[in-house]
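# Fold the stuff below for me.
(2 chains)
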Amino acid sequence: MTAAQAGDSGALDQLLRRHYDRMHAVCRRITGNEADAADAAQEAMIAVVRGLTRFDGRSAFGTWVYRIATNASLDELRRRRRRPQLAGRESNTGTGKDWPEQIDHDGGLRIDHIADRFEIDAALLELPEDFRVPVVLRDVADLDYAEIAEVLDVPIGTVKSRIARGRAQVAATISQANGNQHPGPGRQTPGTPI
Amino acid sequence: MNDNDMTPEHELASAYLDGDVTAVERARVEATPELRALVASMREASTMIAAVPVVSEAVRNAAIASALGEFNVVSLDSHRRWPNKVLAAAAAVVLLGVVGVSVLQNTSDDKSETASREVEPKFDANTADDAASAGVPETAGGEAVVSMTAPIVIDNPQQLLALTVPSPPAADDGGGPTGSETTDAPADTQRVESYNLEALACMNDDQVFLADIYYQGALAIAVRDTVTGVTQAIDSNCTVLASVTP
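Below is the predicted model:
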(Lines give C-alpha, C1' and ligand atoms only; values in the text may rest on other atoms or scores of the structure.)
Protein backbone atom coordinates (compact mmCIF):
# COMPACT_ATOMS: atom_id res chain seq x y z
CA MET A 1 0.00 0.00 0.00
CA THR A 2 2.85 2.35 0.84
CA ALA A 3 4.49 1.57 -2.49
CA ALA A 4 1.24 2.28 -4.30
CA GLN A 5 0.90 5.57 -2.45
CA ALA A 6 4.43 6.42 -3.53
CA GLY A 7 3.47 6.00 -7.16
CA ASP A 8 4.35 2.37 -7.87
CA SER A 9 1.73 1.36 -10.42
CA GLY A 10 2.68 -2.32 -10.12
CA ALA A 11 2.01 -2.22 -6.40
CA LEU A 12 -1.27 -0.45 -7.04
CA ASP A 13 -2.28 -3.09 -9.56
CA GLN A 14 -1.69 -5.80 -6.94
CA LEU A 15 -3.53 -3.83 -4.29
CA LEU A 16 -6.57 -3.33 -6.50
CA ARG A 17 -6.63 -6.98 -7.59
CA ARG A 18 -6.46 -8.09 -3.97
CA HIS A 19 -9.55 -6.11 -3.04
CA TYR A 20 -11.55 -6.02 -6.25
CA ASP A 21 -13.54 -9.23 -5.94
CA ARG A 22 -14.75 -8.50 -2.44
CA MET A 23 -15.56 -4.89 -3.33
CA HIS A 24 -17.49 -6.10 -6.35
CA ALA A 25 -19.34 -8.60 -4.18
CA VAL A 26 -20.40 -5.82 -1.83
CA CYS A 27 -21.54 -3.73 -4.79
CA ARG A 28 -23.34 -6.76 -6.25
CA ARG A 29 -25.38 -7.34 -3.13
CA ILE A 30 -26.17 -3.69 -2.50
CA THR A 31 -27.20 -2.88 -6.08
CA GLY A 32 -28.88 -6.22 -6.77
CA ASN A 33 -27.68 -6.78 -10.32
CA GLU A 34 -24.51 -7.42 -12.28
CA ALA A 35 -24.50 -4.35 -14.49
CA ASP A 36 -24.89 -1.82 -11.69
CA ALA A 37 -22.42 -3.75 -9.56
CA ALA A 38 -19.78 -3.62 -12.30
CA ASP A 39 -20.31 0.13 -12.71
CA ALA A 40 -20.24 0.75 -8.97
CA ALA A 41 -17.15 -1.38 -8.45
CA GLN A 42 -15.34 0.42 -11.24
CA GLU A 43 -16.29 3.80 -9.77
CA ALA A 44 -15.09 2.55 -6.40
CA MET A 45 -11.74 1.48 -7.87
CA ILE A 46 -11.28 4.91 -9.41
CA ALA A 47 -12.23 6.57 -6.13
CA VAL A 48 -9.67 4.43 -4.31
CA VAL A 49 -6.97 5.57 -6.71
CA ARG A 50 -7.99 9.21 -6.43
CA GLY A 51 -8.04 9.05 -2.65
CA LEU A 52 -5.02 6.86 -2.16
CA THR A 53 -2.62 9.67 -1.35
CA ARG A 54 -5.08 11.05 1.19
CA PHE A 55 -5.55 7.72 2.96
CA ASP A 56 -3.86 8.27 6.30
CA GLY A 57 -4.10 4.79 7.77
CA ARG A 58 -6.27 5.79 10.70
CA SER A 59 -8.73 3.12 9.63
CA ALA A 60 -7.90 -0.24 8.13
CA PHE A 61 -7.46 -0.14 4.37
CA GLY A 62 -10.19 -2.75 4.00
CA THR A 63 -12.62 -0.66 6.00
CA TRP A 64 -11.80 2.35 3.88
CA VAL A 65 -12.32 0.59 0.57
CA TYR A 66 -15.62 -0.93 1.73
CA ARG A 67 -16.83 2.51 2.67
CA ILE A 68 -15.96 3.64 -0.84
CA ALA A 69 -17.63 0.59 -2.39
CA THR A 70 -20.74 1.17 -0.30
CA ASN A 71 -20.99 4.80 -1.30
CA ALA A 72 -20.39 3.95 -4.96
CA SER A 73 -23.17 1.36 -4.81
CA LEU A 74 -25.62 3.74 -3.20
CA ASP A 75 -24.74 6.37 -5.79
CA GLU A 76 -25.38 3.80 -8.51
CA LEU A 77 -28.75 3.00 -7.00
CA ARG A 78 -29.68 6.66 -6.98
CA ARG A 79 -28.67 6.94 -10.63
CA ARG A 80 -30.70 3.84 -11.39
CA ARG A 81 -33.79 5.36 -9.81
CA ARG A 82 -33.48 8.28 -12.19
CA ARG A 83 -33.28 5.93 -15.19
CA PRO A 84 -36.35 4.44 -16.84
CA GLN A 85 -36.85 0.84 -15.73
CA LEU A 86 -38.04 -2.10 -17.76
CA ALA A 87 -41.37 -3.39 -16.53
CA GLY A 88 -40.02 -6.88 -15.93
CA ARG A 89 -37.16 -5.62 -13.87
CA GLU A 90 -39.44 -3.49 -11.73
CA SER A 91 -41.57 -6.50 -11.18
CA ASN A 92 -38.67 -8.49 -9.84
CA THR A 93 -37.47 -5.76 -7.57
CA GLY A 94 -40.85 -4.66 -6.34
CA THR A 95 -42.83 -6.54 -3.82
CA GLY A 96 -41.02 -9.76 -4.50
CA LYS A 97 -44.32 -11.62 -4.58
CA ASP A 98 -44.62 -11.97 -8.33
CA TRP A 99 -41.23 -13.34 -9.29
CA PRO A 100 -41.53 -16.89 -7.98
CA GLU A 101 -44.44 -17.43 -10.32
CA GLN A 102 -42.34 -16.16 -13.22
CA ILE A 103 -39.62 -18.64 -12.45
CA ASP A 104 -42.10 -21.44 -11.92
CA HIS A 105 -43.52 -20.77 -15.37
CA ASP A 106 -40.21 -21.99 -16.74
CA GLY A 107 -41.06 -25.40 -15.36
CA GLY A 108 -38.27 -27.88 -15.88
CA LEU A 109 -35.85 -25.22 -17.03
CA ARG A 110 -35.71 -23.80 -13.57
CA ILE A 111 -32.28 -24.16 -12.09
CA ASP A 112 -32.03 -23.96 -8.37
CA HIS A 113 -28.95 -21.80 -8.05
CA ILE A 114 -30.26 -19.27 -10.54
CA ALA A 115 -33.53 -19.15 -8.69
CA ASP A 116 -31.65 -18.66 -5.46
CA ARG A 117 -29.78 -15.78 -7.02
CA PHE A 118 -32.97 -14.01 -8.02
CA GLU A 119 -34.47 -14.92 -4.71
CA ILE A 120 -31.74 -13.41 -2.63
CA ASP A 121 -31.49 -10.34 -4.85
CA ALA A 122 -35.21 -9.75 -4.52
CA ALA A 123 -35.13 -10.33 -0.79
CA LEU A 124 -32.24 -7.94 -0.29
CA LEU A 125 -33.77 -5.26 -2.46
CA GLU A 126 -36.86 -5.34 -0.30
CA LEU A 127 -34.73 -4.25 2.61
CA PRO A 128 -34.33 -0.53 3.17
CA GLU A 129 -30.74 0.54 2.45
CA ASP A 130 -30.13 1.26 6.13
CA PHE A 131 -30.62 -2.45 6.83
CA ARG A 132 -29.30 -3.93 3.60
CA VAL A 133 -25.90 -2.29 3.79
CA PRO A 134 -24.90 -3.50 7.26
CA VAL A 135 -26.12 -7.01 6.43
CA VAL A 136 -24.01 -7.03 3.27
CA LEU A 137 -20.96 -5.64 5.04
CA ARG A 138 -21.30 -8.35 7.66
CA ASP A 139 -22.13 -11.35 5.51
CA VAL A 140 -20.23 -10.49 2.32
CA ALA A 141 -17.34 -8.31 3.45
CA ASP A 142 -17.02 -10.16 6.77
CA LEU A 143 -16.54 -6.93 8.69
CA ASP A 144 -17.17 -7.04 12.42
CA TYR A 145 -19.70 -4.80 14.14
CA ALA A 146 -17.12 -2.17 15.06
CA GLU A 147 -15.82 -1.94 11.51
CA ILE A 148 -19.33 -1.66 10.11
CA ALA A 149 -20.09 1.05 12.66
CA GLU A 150 -17.02 2.90 11.43
CA VAL A 151 -17.96 2.52 7.77
CA LEU A 152 -21.52 3.69 8.34
CA ASP A 153 -20.71 6.15 11.10
CA VAL A 154 -23.41 4.79 13.42
CA PRO A 155 -23.19 3.26 16.92
CA ILE A 156 -22.36 -0.44 17.24
CA GLY A 157 -25.71 -1.12 18.88
CA THR A 158 -27.45 0.29 15.84
CA VAL A 159 -25.38 -1.96 13.61
CA LYS A 160 -26.32 -5.04 15.62
CA SER A 161 -30.02 -4.31 15.56
CA ARG A 162 -30.04 -3.42 11.87
CA ILE A 163 -28.22 -6.62 10.97
CA ALA A 164 -30.63 -8.66 13.06
CA ARG A 165 -33.66 -7.05 11.52
CA GLY A 166 -32.22 -7.26 8.03
CA ARG A 167 -31.41 -10.96 8.34
CA ALA A 168 -34.77 -11.70 9.86
CA GLN A 169 -36.58 -9.94 7.04
CA VAL A 170 -34.52 -11.63 4.34
CA ALA A 171 -35.16 -15.00 5.97
CA ALA A 172 -38.87 -14.26 6.09
CA THR A 173 -38.94 -13.16 2.45
CA ILE A 174 -37.14 -16.29 1.32
CA SER A 175 -39.50 -18.41 3.33
CA GLN A 176 -42.52 -16.71 1.80
CA ALA A 177 -41.05 -16.94 -1.68
CA ASN A 178 -40.63 -20.66 -1.27
CA GLY A 179 -44.24 -20.89 -0.21
CA ASN A 180 -43.07 -22.56 2.96
CA GLN A 181 -42.68 -25.72 0.89
CA HIS A 182 -39.85 -26.86 3.09
CA PRO A 183 -41.08 -26.10 6.54
CA GLY A 184 -38.69 -26.57 9.33
CA PRO A 185 -36.63 -24.59 11.73
CA GLY A 186 -34.80 -22.79 8.95
CA ARG A 187 -38.00 -21.66 7.30
CA GLN A 188 -39.77 -20.39 10.36
CA THR A 189 -41.05 -16.88 10.04
CA PRO A 190 -39.06 -14.60 12.32
CA GLY A 191 -42.22 -13.04 13.63
CA THR A 192 -43.29 -16.34 15.11
CA PRO A 193 -43.40 -16.10 18.89
CA ILE A 194 -40.60 -18.00 20.51
CA MET B 1 -42.14 -8.00 8.65
CA ASN B 2 -42.56 -4.71 10.46
CA ASP B 3 -41.01 -3.11 13.50
CA ASN B 4 -43.47 -4.87 15.80
CA ASP B 5 -42.33 -8.25 14.53
CA MET B 6 -38.81 -7.58 15.67
CA THR B 7 -38.11 -9.12 19.04
CA PRO B 8 -35.05 -9.37 21.29
CA GLU B 9 -34.86 -12.99 20.17
CA HIS B 10 -34.09 -11.92 16.62
CA GLU B 11 -31.19 -9.83 17.84
CA LEU B 12 -30.00 -12.69 20.04
CA ALA B 13 -30.17 -15.16 17.16
CA SER B 14 -28.28 -12.79 14.89
CA ALA B 15 -25.65 -12.13 17.53
CA TYR B 16 -25.31 -15.89 18.11
CA LEU B 17 -24.71 -16.33 14.40
CA ASP B 18 -21.89 -13.79 14.61
CA GLY B 19 -20.43 -15.29 17.77
CA ASP B 20 -21.22 -12.13 19.67
CA VAL B 21 -22.95 -13.67 22.68
CA THR B 22 -22.03 -14.46 26.24
CA ALA B 23 -21.78 -18.02 27.50
CA VAL B 24 -25.18 -17.68 29.17
CA GLU B 25 -26.78 -16.39 25.98
CA ARG B 26 -25.15 -19.14 23.97
CA ALA B 27 -26.51 -21.77 26.31
CA ARG B 28 -29.96 -20.26 26.12
CA VAL B 29 -29.99 -20.28 22.34
CA GLU B 30 -28.75 -23.84 22.13
CA ALA B 31 -31.32 -25.02 24.65
CA THR B 32 -34.30 -23.36 22.97
CA PRO B 33 -35.68 -25.03 19.79
CA GLU B 34 -37.39 -21.86 18.60
CA LEU B 35 -34.18 -19.87 18.93
CA ARG B 36 -32.23 -22.59 17.16
CA ALA B 37 -34.76 -22.46 14.33
CA LEU B 38 -34.41 -18.72 14.14
CA VAL B 39 -30.63 -19.04 13.99
CA ALA B 40 -30.96 -21.64 11.26
CA SER B 41 -33.20 -19.44 9.12
CA MET B 42 -30.84 -16.50 9.54
CA ARG B 43 -27.85 -18.71 8.76
CA GLU B 44 -29.51 -19.81 5.56
CA ALA B 45 -30.16 -16.19 4.62
CA SER B 46 -26.59 -15.20 5.45
CA THR B 47 -25.20 -18.07 3.41
CA MET B 48 -27.25 -17.05 0.41
CA ILE B 49 -26.23 -13.42 0.78
CA ALA B 50 -22.55 -14.39 1.00
CA ALA B 51 -22.75 -16.61 -2.10
CA VAL B 52 -22.11 -13.83 -4.57
CA PRO B 53 -21.76 -14.80 -8.24
CA VAL B 54 -18.14 -14.85 -9.32
CA VAL B 55 -17.17 -11.75 -11.24
CA SER B 56 -15.84 -12.32 -14.72
CA GLU B 57 -12.19 -11.79 -15.53
CA ALA B 58 -13.11 -9.26 -18.21
CA VAL B 59 -15.11 -7.11 -15.80
CA ARG B 60 -12.34 -7.26 -13.22
CA ASN B 61 -9.64 -6.35 -15.73
CA ALA B 62 -11.68 -3.50 -17.18
CA ALA B 63 -12.24 -1.97 -13.76
CA ILE B 64 -8.61 -2.26 -12.76
CA ALA B 65 -7.40 -0.92 -16.08
CA SER B 66 -9.72 2.03 -15.70
CA ALA B 67 -8.42 2.69 -12.20
CA LEU B 68 -4.80 2.40 -13.30
CA GLY B 69 -5.54 4.86 -16.09
CA GLU B 70 -6.85 7.25 -13.49
CA PHE B 71 -3.71 6.61 -11.45
CA ASN B 72 -1.54 7.71 -14.38
CA VAL B 73 -3.55 10.91 -14.73
CA VAL B 74 -3.32 11.59 -11.00
CA SER B 75 0.42 10.90 -11.04
CA LEU B 76 0.93 13.12 -14.03
CA ASP B 77 -1.04 15.92 -12.41
CA SER B 78 1.01 15.68 -9.26
CA HIS B 79 4.20 15.77 -11.28
CA ARG B 80 2.97 18.64 -13.37
CA ARG B 81 2.08 20.95 -10.54
CA TRP B 82 5.60 21.79 -9.51
CA PRO B 83 7.15 22.17 -12.97
CA ASN B 84 4.24 24.32 -14.05
CA LYS B 85 4.85 26.69 -11.20
CA VAL B 86 8.53 26.82 -12.01
CA LEU B 87 7.89 27.30 -15.69
CA ALA B 88 5.28 29.97 -15.06
CA ALA B 89 7.63 31.85 -12.77
CA ALA B 90 10.47 31.51 -15.27
CA ALA B 91 8.24 32.71 -18.08
CA ALA B 92 7.17 35.70 -16.02
CA VAL B 93 10.78 36.61 -15.27
CA VAL B 94 11.78 36.29 -18.91
CA LEU B 95 8.79 38.30 -20.02
CA LEU B 96 9.63 41.07 -17.60
CA GLY B 97 13.21 41.04 -18.81
CA VAL B 98 12.21 41.19 -22.43
CA VAL B 99 9.74 44.00 -21.81
CA GLY B 100 12.29 45.87 -19.75
CA VAL B 101 14.93 45.57 -22.42
CA SER B 102 12.46 46.60 -25.09
CA VAL B 103 11.55 49.68 -23.14
CA LEU B 104 15.20 50.58 -22.80
CA GLN B 105 15.78 50.00 -26.47
CA ASN B 106 12.80 52.08 -27.47
CA THR B 107 14.51 54.97 -25.79
CA SER B 108 17.58 54.53 -27.93
CA ASP B 109 18.03 55.82 -31.45
CA ASP B 110 18.52 52.40 -33.01
CA LYS B 111 14.85 51.52 -33.41
CA SER B 112 15.33 49.86 -36.75
CA GLU B 113 17.72 47.30 -35.31
CA THR B 114 15.27 46.42 -32.59
CA ALA B 115 12.52 45.95 -35.11
CA SER B 116 14.71 43.64 -37.15
CA ARG B 117 14.91 41.30 -34.23
CA GLU B 118 11.17 40.80 -34.06
CA VAL B 119 11.30 37.85 -36.37
CA GLU B 120 8.01 36.17 -37.23
CA PRO B 121 8.31 32.54 -38.20
CA LYS B 122 7.34 31.68 -41.74
CA PHE B 123 6.84 28.00 -42.32
CA ASP B 124 7.50 26.53 -45.68
CA ALA B 125 7.05 22.83 -46.02
CA ASN B 126 9.99 22.68 -48.36
CA THR B 127 12.30 24.54 -46.06
CA ALA B 128 11.34 23.33 -42.68
CA ASP B 129 14.80 23.97 -41.30
CA ASP B 130 14.54 27.62 -42.13
CA ALA B 131 11.14 27.79 -40.56
CA ALA B 132 12.38 26.24 -37.38
CA SER B 133 15.31 28.60 -37.37
CA ALA B 134 12.96 31.48 -37.81
CA GLY B 135 11.39 30.37 -34.57
CA VAL B 136 14.64 31.16 -32.76
CA PRO B 137 14.60 34.89 -32.36
CA GLU B 138 17.31 36.81 -30.68
CA THR B 139 16.73 38.88 -27.62
CA ALA B 140 18.25 42.28 -27.17
CA GLY B 141 20.86 40.71 -24.99
CA GLY B 142 22.05 38.47 -27.81
CA GLU B 143 20.77 35.20 -26.28
CA ALA B 144 18.90 32.65 -28.30
CA VAL B 145 15.33 32.25 -27.15
CA VAL B 146 13.77 29.04 -28.35
CA SER B 147 10.25 29.56 -29.66
CA MET B 148 8.02 32.05 -27.78
CA THR B 149 7.08 33.05 -31.27
CA ALA B 150 3.87 32.37 -33.10
CA PRO B 151 3.29 28.62 -33.34
CA ILE B 152 4.37 27.08 -36.62
CA VAL B 153 1.66 25.52 -38.70
CA ILE B 154 2.35 21.83 -39.28
CA ASP B 155 0.00 19.83 -41.43
CA ASN B 156 1.67 16.45 -41.76
CA PRO B 157 4.23 14.21 -40.09
CA GLN B 158 6.88 14.99 -42.70
CA GLN B 159 6.80 18.65 -41.77
CA LEU B 160 7.05 17.65 -38.15
CA LEU B 161 10.09 15.52 -38.84
CA ALA B 162 11.72 18.35 -40.78
CA LEU B 163 11.83 20.58 -37.71
CA THR B 164 15.27 20.92 -36.23
CA VAL B 165 16.52 21.42 -32.75
CA PRO B 166 17.32 25.09 -32.39
CA SER B 167 20.69 25.72 -30.84
CA PRO B 168 21.99 28.86 -29.19
CA PRO B 169 24.04 31.15 -31.38
CA ALA B 170 27.80 31.00 -31.33
CA ALA B 171 29.33 33.49 -28.95
CA ASP B 172 31.26 35.28 -31.67
CA ASP B 173 28.65 35.55 -34.37
CA GLY B 174 26.76 38.42 -32.95
CA GLY B 175 23.91 36.33 -31.62
CA GLY B 176 21.95 35.86 -34.80
CA PRO B 177 19.62 32.98 -35.65
CA THR B 178 21.31 29.65 -36.11
CA GLY B 179 20.24 28.87 -39.61
CA SER B 180 19.52 25.28 -40.51
CA GLU B 181 21.67 23.49 -38.00
CA THR B 182 20.29 20.19 -36.84
CA THR B 183 22.21 19.85 -33.62
CA ASP B 184 20.38 17.71 -31.10
CA ALA B 185 21.31 19.78 -28.11
CA PRO B 186 20.23 18.48 -24.71
CA ALA B 187 17.16 20.13 -23.33
CA ASP B 188 18.91 21.63 -20.36
CA THR B 189 21.20 23.67 -22.58
CA GLN B 190 18.25 25.48 -24.10
CA ARG B 191 16.33 28.38 -22.81
CA VAL B 192 12.96 26.98 -23.60
CA GLU B 193 10.22 29.52 -23.97
CA SER B 194 6.83 28.34 -25.01
CA TYR B 195 3.23 29.37 -24.93
CA ASN B 196 2.33 25.86 -24.00
CA LEU B 197 3.56 25.28 -20.46
CA GLU B 198 1.14 22.40 -19.94
CA ALA B 199 2.54 20.56 -22.92
CA LEU B 200 6.12 21.28 -21.86
CA ALA B 201 5.40 19.49 -18.61
CA CYS B 202 4.58 16.39 -20.63
CA MET B 203 8.11 16.05 -21.96
CA ASN B 204 10.32 13.31 -20.65
CA ASP B 205 13.98 13.66 -19.84
CA ASP B 206 15.14 12.41 -23.23
CA GLN B 207 13.09 14.86 -25.23
CA VAL B 208 14.10 18.29 -26.46
CA PHE B 209 11.72 21.04 -27.36
CA LEU B 210 11.60 22.03 -31.02
CA ALA B 211 8.86 24.62 -31.37
CA ASP B 212 5.34 25.66 -30.57
CA ILE B 213 3.20 24.37 -33.38
CA TYR B 214 -0.32 24.08 -34.64
CA TYR B 215 -0.51 20.45 -35.60
CA GLN B 216 -3.41 20.07 -37.98
CA GLY B 217 -5.07 22.97 -36.22
CA ALA B 218 -4.38 21.89 -32.65
CA LEU B 219 -2.04 23.89 -30.46
CA ALA B 220 0.87 21.67 -29.45
CA ILE B 221 4.59 21.49 -29.07
CA ALA B 222 7.04 19.62 -31.25
CA VAL B 223 9.60 17.57 -29.35
CA ARG B 224 12.31 15.15 -30.35
CA ASP B 225 13.69 12.20 -28.45
CA THR B 226 17.46 12.58 -28.37
CA VAL B 227 17.92 8.83 -28.06
CA THR B 228 15.56 7.49 -30.69
CA GLY B 229 15.17 10.55 -32.86
CA VAL B 230 11.40 10.18 -32.77
CA THR B 231 9.66 13.51 -33.22
CA GLN B 232 6.27 14.05 -31.66
CA ALA B 233 3.52 16.64 -31.52
CA ILE B 234 2.14 16.78 -27.97
CA ASP B 235 -0.80 18.85 -26.83
CA SER B 236 -1.49 20.31 -23.40
CA ASN B 237 -3.29 17.14 -22.30
CA CYS B 238 -0.13 15.15 -22.99
CA THR B 239 -1.84 13.56 -25.95
CA VAL B 240 0.59 12.60 -28.67
CA LEU B 241 -1.00 13.98 -31.83
CA ALA B 242 1.67 12.60 -34.11
CA SER B 243 4.80 10.55 -33.78
CA VAL B 244 7.35 10.31 -36.56
CA THR B 245 10.34 8.01 -36.68
CA PRO B 246 13.28 9.32 -38.69
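# When you work out contacts or count neighbours from here on, use the C-alpha atoms and nothing else.
Fine.
# Domain ranges for chain A, per the record?
A:1-83, A:86-194 (automatic domain parsing).
# These: which one's closest to chain B?
Ranking the domains of chain A by proximity to chain B (Cα to the nearest Cα) places domain A:86-194 first, at 3.7 Å.
# Show me the shaky parts of chain B.
B:1-5, B:72-88, B:90, B:105-150, B:166-195 (pLDDT under 70).
# hey, where'd the strands end up in it?
B:146-147, B:152-154, B:192-193, B:207-215, B:218-225, B:231-234, B:240-244 (DSSP state E).
# okay, those in CSV with mean neighbour count and distance to A:Ser73 next?
Below are the strands of chain B laid out as CSV (neighbours: other Cα atoms under 10 Å in any protein chain shown; distance: least, Cα to Cα, whole Å):
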stretch, mean neighbour count, distance to A:Ser73
strand B:146-147, 26, 50
strand B:152-154, 25, 48
strand B:192-193, 22, 48
strand B:207-215, 26, 43
strand B:218-225, 26, 39
strand B:231-234, 27, 38
strand B:240-244, 16, 36
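# Among these, which comes closest to chain A?
Once those are compared by Cα to the nearest Cα, strand B:240-244 is nearest, at 21.5 Å.
# Ok, which of the domains of chain A comes nearest B:Ser236?
Taking Cα to Cα, domain A:1-83 is the member of these nearest to B:Ser236, at 21.3 Å.
# Give me the pLDDT value at A:Asp104.
Reading off the confidence values, A:Asp104 has pLDDT 41.
# quick one: which of the strands of chain B is nearest A:Ala141?
strand B:240-244 (42.3 Å).
# re earlier: a markdown table for the strands of chain B, including distance to chain A?
Below are these laid out as a markdown table (distance: least, Cα to the nearest Cα, whole Å):
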| stretch | distance to chain A |
| --- | --- |
| strand B:146-147 | 33 |
| strand B:152-154 | 35 |
| strand B:192-193 | 28 |
| strand B:207-215 | 22 |
| strand B:218-225 | 24 |
| strand B:231-234 | 23 |
| strand B:240-244 | 21 |
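# can you tell which of these is closest to B:Val55?
Closest among the strands of chain B, using Cα to Cα: strand B:240-244, at 34.8 Å.
# excluding its backbone neighbours, what's nearest A:Val170?
Excluding the flanking residues, the one nearest A:Val170 by Cα to Cα, 6 or more residues apart in numbering or on different chains is A:Ala123, at 5.3 Å.
# ok, now which ones touch A:Pro155?
Shown in contact with A:Pro155 (Cα atoms under 8 Å, 6 or more residues apart in numbering or on different chains): A:Ala149.
# circling back: beyond the one helix or strand the residue nearest to A:Val170 maps to, next helix or strand please.
In this assignment (DSSP states H and E), A:Ala123 forms part of helix A:112-126. Once the chain leaves helix A:112-126, the next helix or strand it forms, by DSSP H and E, is helix A:129-139.
# Now stretch A:141-158: buried residues?
Using 16 or more other Cα atoms under 10 Å in any protein chain shown as the test for burial, stretch A:141-158 gives A:141, A:143-152, A:156.
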